Structures are given as structure tokens and as C-alpha cells.
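Undergrad: Following is a predicted model, sequence given first.
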Amino acid sequence: MRQGCSTVFVSLVRSFIVLSSLALPVSAVAQPVGHVPFTNPGIGQMEINPNTDRVYIAGGFAQNFMTVIDASNPSSPSIVTTISAGNGGSGVIVNPTANTFFTSNGFSGQVLRYDGVTNTQNGTVGIGACGGIFDYNPNTNLVYVVRQCAGGGPPAGVDPLYAIDAATMGIVGNNLGTGGVVGTVRVNRATGKAYARASANTSVFGPSPAFTFGPQIPNVYPVAVNHHNNRLYLQNVTTGAIHVHDGATDGFITTLPPAGAFSVNTANDHLYVTDPPGGNSIKVLDGVSHNLITTLTIPSGKAVQVITADSTKNRLYVVGCVPATCSSTSELYVLLDPDSGIRCEIDMSQPSYTSGQTITATSLRFANTNTTAASVEIKVWLGAPTGKLPIINVPAASFPAGLDVNLGPVPLFPVTAATPPGQWEFSCRILDPITGKLLAEDLNGFVVVP
């Protein structure tokens with residue numbers, strides 16, 4: 001394995017050194033860059049496919065519909081289609097690699113998988129009652145959904161959590177009792193743990209395949225996870241304050257002020273917060289110091305309802321509305337976050353590999369969207385069950401202004417009988433060479449199946 005990988009990356013690093021000397025033009029873009037009105041389904045969840053720039057806006061539990069929006073031209077997003085309540089629209093989550101999305105048809109009790117190109121259904125599984133909020137773990141290819149309407153099972157009873165294999169649509173975590181009436185669910189891909197709102201508490205489930213029910217975190221519910229720095233963001237059910245917890249231990253770290261809408265950019269560790277009950281401004285906070293970086297706005301007279309960050313393209317999708325018409329008509333706004341402008345991005349060709357298949361990164365991208373050069377430290381590594389192999393380790397380099405280099409596809413090595421089975425990763429990280437501050441990171445897990 002080491003010899004094959006080393007040979008590939010000698011060539012890879014040489015290409016990177018040559019290409020990094022090229023300076024490409026950068027154009028400034030105003031904020032917000034685009035918007036489009038749509039009919040409001042009573043928004044329960046909004047998700048993004050960063051590979052296709054499709055935005056999916058769905059309702060919550062019961063019977064709802066979904067709006068699919070194309071934001072590939074961020075200055076002029078457009079409605080692609082609407083999926084009716086009987087065919088989905090109760091919650092939504094995306095598998096960007098497979099270009100599929102998952103939703104529920106509410107009272108009919110089914111989770112539905114859709115093709116992201118044709119927007120046609122291509123898989124289904126019954127969960128007995130109305131699913132409403134979803135999350136997805138790309139490391140295990142599992143879709144998580146919480147269900148209301150029909151009670152639940154052990155160990156804690158009441159509304160349950162389900163885990164579904166995204167490839168087969170088979171239920172692998174069945175009727176996992178939460179101990180309360182469910183709401184949001186969030187999965188920490190760094191640990192494999194899932195967090196579900198159960199009435200006034202957060203119920204914690206361990207990683208697959210056991211999904212062990214752990215101690216509840218009281219008086220908060222999950223709103224976001226940053227798997228890159230292993231932080232949980234839970235909202236206090238009484239005050240609306242955001243509680244920051246350690247993802248490894250679930251232990252409390254600190255409290256942020258009350259928030260209306262909240263989201264996280266996992267690439268640059270930015271937090272997006274609106275003041276309750278909802279104005280037109282969005283505070284951008286540093287995810288480590290929690291200091292204010294800047295404030296973004298949507299047009300005056302509009303109230304922010306929902307925020308979802310696209311960490312890959314560093315965009316922010318915001319749903320806003322005139323308060324008097326929020327129950328019927330809203331508007332999707334596309335904004336850009338003024339971050340460090342440094343990128344390292346990796347996409348794997350599939351979530352798991354078996355004997356005879358070649359483990360491949362479909363993209364390995366380095367970029368600097370700034371108008372000035374940046375000094376950086378670059379790390380790329382391959383992680384195996386037996387340890388980690390450094391691939392690129394450059395202590396000091398310069399990213400010229402406008403750099404945008406994609407070295408993919410990168411075939412790593414074929415899986416053979418000698419390849420250790422289990423959890424692997426192919427990941428990248430860019431740091432400030434002086435301070436060590438994280439500028440960009442992309443952690444990509446995959447599984448080798450014996």
C-alpha cells in the first residue's frame with residue numbers, strides 16, 4: 001500500500017507545485033447575490049447538495065410538500081419542481097455523492113429516496129408513521145429520521161429514531177425509543193453518535209451498529225454539529241440560548257446568546273446566528289473565540305426563518321419573509337461568507353469499497369479565493385485501521401491569489417485480500433504556518449469491506 005500511494009503522490013505533489021504558481025483572476029460578488037420567491041410549506045428543514053447546487057426546502061411532520069431550487073447560478077436561483085405532499089415533503093436530507101435525497105410522505109409512514117437528477121422516486125421503506133426531520137452520515141452511508149404519530153419502542157418508549165441504509169433502504173436502527181416527543185435530529189460524523197430532541201431533552205444514541213441509548217442532555221435540543229472540530233450546538237428550550245458541547249464527551253463548554261436561526265460552516269468554523277424572534281441580520285461568529293466577525297443582511301422588512309450553510313462553496317442559504325405573509329410566501333436568498341478564502345476539498349467516489357475496486361478521490365481541490373497571496377501549511381493524509389500515512393506535508397507554501405486547482409480524479413490503490421478492512425479516511429487540512437490556526441479542512445471517511 002505504501003509504495004503504490006507514494007508513487008501516485010510524487011506525481012501529484014509535482015503537479016500541485018507547478019499549478020500553484022498560476023495566478024487566476026478573482027471577481028468580487030455582492031451580498032446577497034441572488035434570490036427567488038417560493039410558496040412556503042411551513043418550513044421544517046432545508047438542505048443543500050453542494051455538488052449540484054440544488055436546494056431542498058421541505059415541511060416538518062405530517063403531510064407537507066417540498067420545493068426544489070437550482071442555485072447553480074447563485075445570482076439567479078430558479079425553482080426546478082415541487083414534490084407534492086403525498087409523494088414526500090416531510091423533512092429532507094441529501095446524499096451528495098450519490099446525488100440522491102430522502103424525504104417522508106408523512107401520515108403514510110414511508111421514507112422515500114429520490115434521484116437528484118430526475119427528481120423521481122427510486123426507493124422506499126416503511127417506518128409505520130410520520131417521519132419529519134432527517135440527517136445523514138456519509139461515513140456510514142446511514143440516513144437518520146425521527147418519527148411522530150404512533151408511539152415508539154424500547155428502551156425509552158415514545159417517538160422513535162430510525163437509521164436506514166441509504167444504498168439498500170434497509171432499516172438498520174429500528175424503532176429506537178427516544179424517551180419523548182421527537183423534533184430535530186443531528187448526527188456527529190466524527191463520533192457516529194446521533195442526537196434527537198425528545199420533548200425538553202436531547203437523547204443520545206451511540207454509533208452503529210449498536211445505537212446504544214446513552215444519558216440524556218437535559219433542557220436542550222440539537223440544532224447543529226461541527227464534525228471538523230467535534231462541537232455540538234444545542235438550544236435551550238426555555239431561553240433560546242445556544243449551548244456549546246464537546247462532541248467527544250458531550251460535556252458542556254460554554255453558552256452563546258439566544259438565537260432565532262442557527263447554522264455552522266464546517267470548512268471555516270463560522271457560526272451564523274440571528275437574534276430572536278427574527279430580524280433581517282445574521283451575525284457571523286468565529287467558532288473558536290465566538291467573537292463577531294461581521295454581519296450579513298437580507299432586505300429590510302424581511303425576517304430570517306431558516307439558515308443553511310454550504311461549507312463546500314462557502315455560501316449561505318437564507319429563507320426570509322415579510323412577517324405578515326410568512327405562512328404562505330417566502331424568499332430564498334443566496335449570500336457569501338467573507339471567510340479566509342482558503343480551500344482544500346476532497347470527494348470520494350463511493351462510501352465503501354470491496355475487493356477488486358480501486359479507492360478513488362474524484363476530486364482533490366486547493367483554492368485561494370482572495371485577491372492576495374496566502375502563506376499556508378498543507379497536510380494531506382491517508383488513514384487506515386492500522387495508522388495514518390502522510391501524503392502531502394508542506395510546512396510553508398504560498399497560495400497565489402485566485403488559485404483554483406483540482407488534481408482529481410486521484411486513484412489511490414486497489415482493494416485486495418491484503419488490504420486491512422474497516423474504517424479508512426482520505427483527508428486534508430490547511431493551517432496558518434505561523435499561528436497554526438485552521439484555515440480549511442475536509443475529513444472524508446470510507447469503509448473497506450472484506
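TA: Arrived safely, thanks for sending. None of the values given here were measured: they were computed from a predicted structure.
Undergrad: Could you chop the chain up by domain?
TA: Per the record, the chain has its domains at 2-26+341-445, 34-336, by automatic domain parsing.
Undergrad: hey, least reliable of those domains by pLDDT?
TA: Confidence, taken as mean pLDDT, is least for domain 2-26+341-445 of these (a mean of 79).
Undergrad: Just give me how far that one sits from the chain centre.
TA: Remark: domain 2-26+341-445 is offset 20 Å from the chain centroid, using CA atoms, centre = their mean, to the nearest Å.
Undergrad: Likewise for stretch 197-217?
TA: Distance of stretch 197-217 from the chain centroid (CA atoms, centre = their mean) equals 20 Å.
Undergrad: Just the buried residues of that stretch, please?
TA: Buried residues in stretch 197-217, counting neighbours by 16 or more other CB atoms under 10 Å, are found at 197-199, 201-205, 207-208, 211, 213, 216-217. In short, each C-beta sits where N, CA and C put it, glycine included.
Undergrad: again with stretch 111-130
TA: For stretch 111-130, burial by neighbour count (16+ other CB under 10 Å) applies to 111-114, 116, 119, 121, 123, 125, 127, 129-130.
Undergrad: Among those, pick out the one closest to Ile359, please.
TA: In terms of CB to CB, no member of the buried residues of stretch 111-130 lies closer to Ile359 than Gly116, at 23.8 Å.
Undergrad: What is the burial count for the spatially closest residue to that closest one that is not a sequence neighbour?
TA: Using CB to CB, 6 or more residues apart in numbering and skipping residues adjacent in sequence, the residue nearest Gly116 is Asn99, 3.8 Å away. The tally of other residues near Asn99 (other CB atoms under 10 Å) stands at 15.
Undergrad: what do you get for Asn368?
TA: Asn368: 28 neighbours (other CB under 10 Å).
Undergrad: Could you please name the strands the longest strand seen in the chain pairs with and the direction of each pair?
TA: Across the chain, the longest stretch assigned as strand under DSSP state E is strand 387-399. In the sheet, strand 387-399 lines up against strand 374-384 (antiparallel) (DSSP bridges).
Undergrad: For the partner strand, buried residues please.
TA: 374, 376-380, 382-383.
Undergrad: next one: stretch 267-277
TA: Neighbour counts using 16+ other CB under 10 Å place 267-275 of stretch 267-277 among the buried residues.
Undergrad: Take those residues and keep only those in strands.
TA: Counting by DSSP E, the buried residues of stretch 267-277 contribute 270-273 to strands.
Undergrad: rewinding a little: could you single out the nearest of the buried residues of stretch 111-130 to Arg429?
TA: Closest to Arg429, out of all of the buried residues of stretch 111-130 and judged by CB to CB, is Gly116, at 29.0 Å.
Undergrad: for this structure, what spans make up the helices?
TA: Along the chain, counting by DSSP state H, helices occupy 2-19.
Undergrad: for Ile43, what are its contacts?
TA: The contact partners of Ile43, by CB atoms under 8 Å, 6 or more residues apart in numbering, come to 57-60, 305-306, 319, 330.
Undergrad: who's in contact with stretch 44-54?
TA: Outside stretch 44-54, the residues that reach it (CB under 8 Å, 6+ apart) are 55-61, 64, 68-72, 74, 80, 90-94, 96-97, 99, 101, 116, 132-134, 306, 308, 310-313, 317, 319, 347.
Undergrad: actually stretch 79-89, sorry about that
TA: With contacts defined as CB under 8 Å, 6+ apart, stretch 79-89 is touched by 36, 38-39, 41, 54, 58-59, 63-70, 103-106, 108, 112, 114, 119, 121.
Undergrad: in that stretch, what's buried?
TA: Within stretch 79-89, the residues that count as buried by 16+ other CB under 10 Å are 79, 82-83, 85, 87-89.
Undergrad: do the same with stretch 442-450
TA: Within stretch 442-450, the residues scored as buried using 16+ other CB under 10 Å are 442-448.
Undergrad: With stretch 318-326 instead?
TA: Neighbour-count burial for stretch 318-326 flags 318-321, 326 (criterion: 16+ other CB under 10 Å).
Undergrad: Now the two most distant members of these.
TA: Farthest pair in those (CB to CB) is Val318 and Cys326. Separation: 13.6 Å.
Undergrad: related to what we said a few turns ago, I'd like to know which of the contacts of stretch 79-89 are part of strands.
TA: The strands, defined by DSSP E, take in 36, 38-39, 54, 58-59, 66-70, 103-104, 112, 114, 121 from the contacts of stretch 79-89.
Undergrad: Tyr63: how many residues sit nearby?
TA: Just to correct that, residue 63 is Gln rather than Tyr. For Gln63, using other CB under 10 Å, the count is 17.
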